[in-house]
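A.B. asks: Model the following, please.
(2 chains)
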Amino acid sequence: MSTDKHSAVRHTAGADGPYWQALAEDRLELPRCEGCGRWHWPAVFRCGECGSWTQHWHAVPAEGTIFSWTRSWHAFDGSEGIGVPYVSLIVELPQAGGRRLLGLLEGDAAALRIGARVRGRIAVTEIWGERIPSLRWNLVDGGAA
Amino acid sequence: MSAGFKASVSVAGVGLRQYRRARAPLPERGVLVRAIVDACEDAGFDPADVDGFVAYGDDKNEPVRLMSDLGTKELCWSSQVWGGGGGGIAAAFGNAAAAIASGQAGAVIVFRTLVQDDSGRLSGAVMRHHLNDHILGAGLVSPAQLCALRAQRMFEHHRVPPSVAEQLVRASYYHGARNPNAVSYGKELDLDAYRSARWIAEPFRLFDCSRENDGAGALLMVSTERARDLRKKPVQLLGVAQGAGKGWGDLLENDDDYASAGFASVARRLWAQTGLTPADIDCAQLYENFSAQGIASLIDHGFCTYENVAEFVRFDNLIAPDGTLPINTAGGNFAEGFIHGIGMAVEAVRQLRGESANPVPNAKTCLLAGGPGAPTVSSAIFSNEVVS
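C.D. replies: Okay, the predicted model is just below:
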């Protein structure tokens, strides 16, 4: 499912518009406040900490650790395009101030655990027939500590 | 904010009409009107004199549309608490109290209605409120999955033993089995069935998840002074708090205290407002959308901690009549039925009137904790000892 990510961009006007635009171009970018250096996620228009209206988007490596996970077994409406069972992850990104991103685990899940290192790539998830750019994570070194 | 709850308001009447999911005999408005009239009859109050309404959880029944059925003389207050889940249930009583104490309305119905033929599945409706492409892209399409992520963190990282979830579920089913109005009346929870039930989203199996029902619940609130002249003994609202602390909210799973239920700031304000502590609470109606979220709610309110949760959350400790904190004495969302939690508010009042199917002897206070894990949550304390 690596073909037409660009056509799947549905949001460009929100505070997180640059995130979606970058994903469509196969890059991961997150916003950091120019005023105080804080990484904001979810994206903001204005930094509530220092009042700055300037947020700069930075390329961030898709590398982090698993913060939490769930494996879905029930075939929830809309998830048919993924197919159960599948593992959803929250991943903490140390290179983006510890902000967390979501995604799906792919590959070997035997060593799945909170704290395991993962590396991501950009793919597309199909939900209710819609194609949504999203992250796919793999356990690094099979999840070795 | 200064301590002390400034309103003297009480619940004077309750009504609850519950049916199996997709089996309501009437569309939503009809079921709701029946519940409102039930609440008014319970109080000995003319439905035409109700002048205010509050709902939560994206209820579809705009109060102005009820006026012809109720004979409403004048609609003075019509509001709803933000949020798609059950986080706003206790806050709805706060809205009603604000209306009455400020003189904007005199008799306010707090309600929630669900009839699947009209509003669809509740789980789907809650998600439609909260969905965005960030969570959809991770295959997260239901409340169960989002709550499962928090639960997994609580069990695996904070070392809460998963067995406490079973204790909580057992307590709800114990009470439901003894409540003739509960969906699970007469049916004990089969522990083998609980433990071997199919996975929904790890760590949740089927019976860790609340059910869904058709129906409506309504509670009539008036000033405590006015309630004294009505049919039933007033059940006073001692305090109520809603909201979210900094670092909690609609944050794409970036909440600071992620494995909690989000009540830290709400509970702190509720205790300060009432001058009470967890030790002063005689029973609790603890909204359990999912088992682990009920546990997190108890921790957030200060009944126990991540470290000692297994000492407090024991089946014997959670059941009437003798537990330290009987919870969900009508069966709760798991076993009584689930009309987005409104049955729990009705049970809080019935318990304090001595009308519960599972009475807690000499209970004077009851905590109502709203939908845990929601971006905005709320809690309230009710009492049968009228203080002003």
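A.B. asks: per-residue pLDDT, residue 128?
C.D. replies: I went with chain A, as the question did not name one. Note on A:Trp128: pLDDT of 89.
A.B. asks: meant chain B actually
C.D. replies: On pLDDT, B:Arg128 comes in at 80.
A.B. asks: which residues touch it?
C.D. replies: For B:Arg128, the contact set (Cβ atoms under 8 Å, 6 or more residues apart in numbering or on different chains) comprises B:Gly84. Glycine gets a C-beta too; all of them are placed from N, C-alpha and C.
A.B. asks: The one 4 residues further on now?
C.D. replies: Contacts for B:Asn132 were tallied using Cβ under 8 Å, 6+ apart; they are B:Leu252.
A.B. asks: quick one: secondary structure of B:Ser79?
C.D. replies: Following DSSP: H, G, I helix; E, B strand; the rest coil, B:Ser79 is assigned to strand.
A.B. asks: where's it relative to B:Ala105, distance?
C.D. replies: The gap separating B:Ser79 from B:Ala105 is 10 Å, by Cβ to Cβ, to the nearest Å.
A.B. asks: So those two - more neighbours on which side?
C.D. replies: Between B:Ser79 and B:Ala105, counted using other Cβ atoms under 10 Å in any protein chain shown, the more crowded position is B:Ala105 (24 against 18).
A.B. asks: Might one say that the more buried one is in contact with B:Pro63?
C.D. replies: No: counting by Cβ atoms under 8 Å, B:Ala105 does not reach B:Pro63; the two are 10.9 Å apart.
A.B. asks: quick revisit: got any residues that touch both of B:Ser79 and B:Ala105?
C.D. replies: Counting by Cβ under 8 Å, 6+ apart, the common neighbours of B:Ser79 and B:Ala105 are B:Ala99.
A.B. asks: quick one: the helices in chain A?
C.D. replies: Ranges of helices within chain A are A:17-24, based on DSSP state H.
A.B. asks: Can you read off the pLDDT for the residue in it that chain B sits nearest to?
C.D. replies: Closest to chain B within chain A is A:Ser134: 2.9 Å, counting by Cβ to the nearest Cβ. The model reports A:Ser134 with a pLDDT of 96.
A.B. asks: So what's the residue count around the nearest residue to it once chain neighbours are set aside?
C.D. replies: Counting by Cβ to Cβ, 6 or more residues apart in numbering or on different chains, A:Ser134 lies nearest to B:Gly137, which is 2.9 Å off, once chain neighbours are set aside. Using other Cβ under 10 Å, B:Gly137 has 27 neighbouring residues.
A.B. asks: May I have the predicted confidence score for residue 81?
C.D. replies: No chain was given, so I picked chain A. The predicted structure lists A:Gly81 with a pLDDT of 94.
A.B. asks: nope, chain B please
C.D. replies: Looking at B:Val81, its pLDDT reads 97.
A.B. asks: Then B:Pro47?
C.D. replies: Listed pLDDT for B:Pro47 reads 98.
A.B. asks: In contact with the residue in the stretch 101-250 of chain B that chain A sits nearest to, which residues?
C.D. replies: Chain A sits closest to B:Gly137 of the stretch 101-250 of chain B, with a gap of 2.9 Å, by Cβ to the nearest Cβ. Counting by Cβ under 8 Å, 6+ apart, B:Gly137 makes contact with A:102-103, A:125, A:127, A:132-135.
A.B. asks: Also A:His74?
C.D. replies: Per Cβ under 8 Å, 6+ apart, neighbours of A:His74: A:84, B:142, B:144, B:198-201.
A.B. asks: at 10 Å what do you get?
C.D. replies: By Cβ atoms under 10 Å, 6 or more residues apart in numbering or on different chains, the contact set of A:His74 is A:84-85, B:142, B:144-145, B:198-201, B:204, B:206, B:209.
A.B. asks: Do I have it right that B:Pro180 meets B:Gly186?
C.D. replies: Yes: with contacts defined as Cβ atoms under 10 Å, B:Pro180 counts as touching B:Gly186 at a distance of 8.5 Å.
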